[in-house]
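> Here's my sequence, what's the structure:
(chains A and B)
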There are 2 protein chains.
Amino acid sequence: MSKDATEDMLVTYHELNGDIEELYEDPSPLDFMRFVARNRPFVVRGGCSTWPAMRKWNVAYLKETMRDIPIKVAITPCGSVSSIHRLISITRALNVFKAMPTQRSETQNDNLRGEYMSLHKDLEPDIRFASIALQRGPDAINLWIGNSHSTTALHRDNYENIYCQILGSKEFVLLPPVETACVNEQFLPGATYSNTMEVTLDDPLVQVPCAIWDPDGPHENSTEFSHLSRPIRVTAGPGDMLYLPACW
Amino acid sequence: MSKDATEDMLVTYHELNGDIEELYEDPSPLDFMRFVARNRPFVVRGGCSTWPAMRKWNVAYLKETMRDIPIKVAITPCGSVSSIHRLISITRALNVFKAMPTQRSETQNDNLRGEYMSLHKDLEPDIRFASIALQRGPDAINLWIGNSHSTTALHRDNYENIYCQILGSKEFVLLPPVETACVNEQFLPGATYSNTMEVTLDDPLVQVPCAIWDPDGPHENSTEFSHLSRPIRVTAGPGDMLYLPACW
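The predicted structure is shown next:
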C-alpha cells in the first residue's frame, strides 16, 4: 500500500470511530455483537461489581485459599512476560512481590480453571452477553496479578478478550489493528531472563515479531506513520469490565 | 506479505469457513449480526416470498405502473454497467430487452425511492432483522432488471447488501475479501460505450481498479494465488434473499 493510501486509511479510520464507548450496564448480546462486528472496544463501568470476588478477594484471602497450591510466577527486572516461570507458594509470591520493585505476571494458560481453581467459584460462572452472542463459553479464563511497576509490552492477541478488574486499577493504552503501520513491528531474537536476572538468548534461536514503537515515548523508534496513531487510554478500576477486540 | 504467508492465509481461511449457509427462515437480528461480524454471506430460501411484489410483478404490471415515467437504462454489447445511461420508457426498454441479445442493468442510485417509486409499495417497508441489527434503514434500495445474457463483471461493494430475487433467477459467484490476491486487480483506463456501441476512453482519463481474473475462466489472467480461490456459487430463485457482506 502506498504512503498516501496508508495515511488516508489511518485518518479516515479515526474520523469514523473516535474514542472508546463507556457503558454503565451490560450490553445486550446484540449490542455486544455490534461491537464485535465493528472490532471496537468498550468499557462497562461496574460491570463485574456484583461478583463475589469483589467483596471477598484481598491478600489474606488469596493466601488462605491458595495456601497449599504451588503457582507459576514470572519475576523480571523490567516487566517482560517472557521469562522463566517459577513454581512457588502464593504467600512467597505475594511477599516477594510486595518487597521488591520487580514486576510480576501470571501464566495465561486458563489458570483460573487450573492452578487457581479454588478462586474460580468467586467469579460469575459466565459473562452472559458474550456467551449468548458468541454461542460459546470462554476458551481460557486467566487471573493476572501485578504491582504498581507492572507493565506489559505493546502486543496483540488474536482473540476477543474481556478484562475484569477486581482489585486496584490498570491503565490500558489501546491501538486499533489498522495502526500496524505505526508501531514499527520488527523480528527480534527471543530471549529469557535467567534466575539471576540475566538475559539469555533462546536456544534454538527464534525470531519473534515485536512492536518497537511505544506510544508512551512516541519520538523513539517511530515510523513515518506513528504520528497518525491515536492511542485510546482507559483506566479500569475495581469492578470495571473492558472488552478488547481481537487484534487490538 | 510473503508468498507463503498469503498461501497460508487463503488455505486457513477456507478451512475455517467453508460454504455459504442456507437458511429457511429469517435470521434473528443477533444471528444476522453474527454473519456481519464474521463477514460471511448467507441465503434465506423464500426470505421475500411473501412480499406483494412476488404475486404482483410481471411485464404487463411493470409497463402499466411505470407507463409515464422515463427510466435510465444501460444497453451494452457485453454486459458492462459502465455505459451511457439513456432515458427511455419502460415499455421501450422491455421490448428492446426482449428482442436483442444485449444485456441491461439499472442505475444504482436508490432508484426504488427515485424513478421506480411507484413500485416501492410492493416491497416490505423494511428488512426487519437487518434494520434492528444495524440500527438504521438501507442507504439505498435498487431495482435491477436483466435478461438471460446479463452478467456483471467481478467487483466488490464496500457496503452490506441484501439481494432479493423477485422474478427469474440469478447466479452469484462470490469471493471473500481475503482472495484479493487471487483476482489480479489492475488499474485500467475507464471507458464508456457510445450510442453506436463503440468503446470510447473517458475524457479526462481515469484509472479504475479492475479484477482481470475471472473464476469462470480460471486459467487466464491468473496470479500465483488464483488456484487457491474457492468461489462460492449460489443461485437465488424467486423469493430468495441473499446477504452479501461488505467487500465480497
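> for the residue lying closest to A:W248 once chain neighbours are set aside, what are its contacts?
Residue nearest to A:W248 in three dimensions, not counting chain neighbours: A:L174, with 5.6 Å by C-beta to C-beta, 6 or more residues apart in numbering or on different chains. Just so you know, the C-beta spots here come from the backbone N, C-alpha and C atoms, and that holds for glycine as well. Residues in contact with A:L174 (C-beta atoms under 8 Å, 6 or more residues apart in numbering or on different chains) are A:I20, A:P41, A:P231, A:I232, A:R233, A:V234, A:L244, A:W248.
> ok, of these, which come out buried?
A:I20, A:P41, A:P231, A:I232, A:V234, A:L244, A:W248 (16 or more other C-beta atoms under 10 Å in any protein chain shown).
> Retrieve the pLDDT associated with the second one.
The model reports A:P41 with a pLDDT of 97.
> my guess is it contacts A:I232, does it?
Yes. Between A:P41 and A:I232 there is a contact under C-beta atoms under 8 Å: 7.0 Å.
> Now do the shared contacts for those two.
A:I20, A:L174.
> Provide a complete list of residue ranges assigned to helices in chain A.
With helices called from DSSP state H, chain A shows them at A:3-17, A:29-38, A:52-56, A:59-65, A:90-99, A:117-120, A:128-134.
> which of those sits most buried?
helix A:29-38 (a mean of 20; mean count of other C-beta atoms under 10 Å in any protein chain shown).
> what's it packed up against?
Packing partners of helix A:29-38 (3 or more C-beta pairs under 8 Å, 6 or more residues apart in numbering or on different chains; DSSP states H and E): helix A:128-134, helix B:29-38, helix B:128-134.
> and the second one, C-alpha only, in PDB?
Presented in PDB, the C-alpha positions along helix B:29-38 are these (Å, rounded to 0.1, in the frame of the first residue of the first chain):
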ATOM      1  CA  PRO B  29     -31.100  -9.600  14.500                       C
ATOM      2  CA  LEU B  30     -28.400 -11.300  16.700                       C
ATOM      3  CA  ASP B  31     -28.000 -14.200  14.200                       C
ATOM      4  CA  PHE B  32     -27.700 -11.600  11.400                       C
ATOM      5  CA  MET B  33     -25.100  -9.600  13.400                       C
ATOM      6  CA  ARG B  34     -23.000 -12.800  13.800                       C
ATOM      7  CA  PHE B  35     -22.900 -13.100  10.000                       C
ATOM      8  CA  VAL B  36     -21.900  -9.400   9.700                       C
ATOM      9  CA  ALA B  37     -19.200  -9.800  12.400                       C
ATOM     10  CA  ARG B  38     -17.800 -12.900  10.500                       C
END
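> can you give me the angle that helix makes with helix A:29-38?
10 degrees (axes from the mean of the first three to the mean of the last three C-alpha atoms, to 10 degrees).
> B:R40 versus A:A130, what's the distance?
20 Å (C-beta to C-beta, to the nearest Å).
> near chain B, which residues of chain A?
A:P29, A:L30, A:M33, A:R34, A:V36, A:A37, A:I132, A:A133, A:Q135 (C-beta under 8 Å from any C-beta of the partner chain).
> Surely the fifth one is in contact with A:P245?
Yes. In this structure, A:V36 sits in contact with A:P245. The criterion is C-beta under 8 Å, and the distance is 6.8 Å.
> what's the overlap in contacts for those two?
A:E160.
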